[in-house]
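Enquirer: any chance you could fold what I've pasted below:
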Amino acid sequence: MITAQHLTKRYGDRAAVDDISFVARPGRVTGFLGPNGAGKSTTMRMLCGLTTPTSGTSTILGKPFRALPCPGRSIGVLLDASAQHAGRTGRETLALSARLMGLPAARVDETLAQVGLTDQEARGRTRTYSLGMRQRLGLAHALLGDPAVLMLDEPANGLDPAGIRWMRDLLRGFAAEGGTVLLSSHLLREMEAVCDDLVIIGGGRVLAHDSAAALLSGPSTRVRSEDDGALASALAGAGHDVERADDGSLATTAATHEVGRVALAAAIALTELRAATTTGLEQLFFDTTAPHGREEISA
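Expert: Residues are numbered from 1 along each chain as shown. A predicted model of the protein is given here:
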């Protein structure tokens, strides 16, 4: 489990992270989302002890990161796949970490196989690696100590579609075995496919934090009638939220049978009645972060 409690990081008068609290739970993949400059990287660096918070606390498996006796055996971290010694081979990179963590040499081969790096690729200098190979090596490093927690920042960058699907299956399998995953990415469709919970931040603050199912559930019913104004008033009077959807229909939290009952009682003829689809993550992301995003302006 990862727990952040009122994490704040200030640089002078600027708050890069402002009172962020959330929990990433075992057995679940938690998506950590936000526009550029939202404070995601700073938060993740505070969680793994690379940046000291101005205030607030965080724990990994119930302990501050720096109190873990051998952090690599508790949490696997991938924040920057390019931060690897260019002159070492992939195998040397993992072998050195394995020795530092007191792991058997066989663990290196097991992890290389787990992330799909061949023996020939593992013998190559990391300076020759493609971005996708660096991502696989970085993930191998995160998995090396057989941790219970993974914290990954943009791990799918540079992967082809087959690699992205492989990454998704690996993370889902890790969570299914009871592991905790905190995953940051701008690949919103992939995040929607893999995440159980979502934490969305902007301007250094948490804007939304709940299960993906709860956050992505939209109004349950779409309806049209011969008098939408009267129907909207009747539904609101019955205690249901109602709004005008982009396609001109009414979107309401009432179930379809309840809409029919209210319309019958109000003597309003319905022309369309259907269950609504859920809100997509892309739309949720833009709706939630709109005041905090950066608009790129070209000269």
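Enquirer: pLDDT weak spots in the chain?
Expert: Counting by pLDDT under 70, the chain contains low-confidence residues at 218-220, 276-279, 292-299.
Enquirer: isn't residue 291 up against residue 207?
Expert: No. Checked against CB atoms under 8 Å, the pair residue 291 and residue 207 is beyond contact range at 9.1 Å. In this view, the C-beta of every residue, glycine as well, is placed from N, C-alpha and C.
Enquirer: between those two, who's got more neighbours?
Expert: residue 207 (18 against 8; other CB atoms under 10 Å).
Enquirer: quick one, what contacts that one?
Expert: Residues near residue 207 by CB atoms under 8 Å, 6 or more residues apart in numbering: 34, 200, 201, 288, 289, 292.
Enquirer: what are the buried residues along the host helix or strand of it?
Expert: Assignment of secondary structure by DSSP states H and E places residue 207 within strand 205-211. Buried positions in strand 205-211, judged by neighbour count with 16 or more other CB atoms under 10 Å: 206, 207, 208, 209.
Enquirer: then stretch 58-65?
Expert: 58, 59, 60, 61, 65.
Enquirer: now do the same end-to-end measure for that stretch.
Expert: 8 Å (CA to CA, to the nearest Å).
Enquirer: with stretch 240-254 instead?
Expert: Separation of the first and last residues of stretch 240-254 by CA to CA is 6 Å.
Enquirer: and stretch 4-21, by the same measure?
Expert: For stretch 4-21, the end-to-end distance is 5 Å (CA to CA).
Enquirer: contacts for that stretch, please.
Expert: In contact with stretch 4-21 (CB under 8 Å, 6+ apart) are residues 22-23, 39, 42-43, 46-47, 51, 53-58, 201, 203-206.
Enquirer: run through the residues that contact the residue of the chain most remote from its centre.
Expert: What lies farthest from the middle of the chain is residue 267; by CA atoms, centre = their mean that is 46.5 Å. Contact criterion CB under 8 Å, 6+ apart gives no residues in contact with residue 267.
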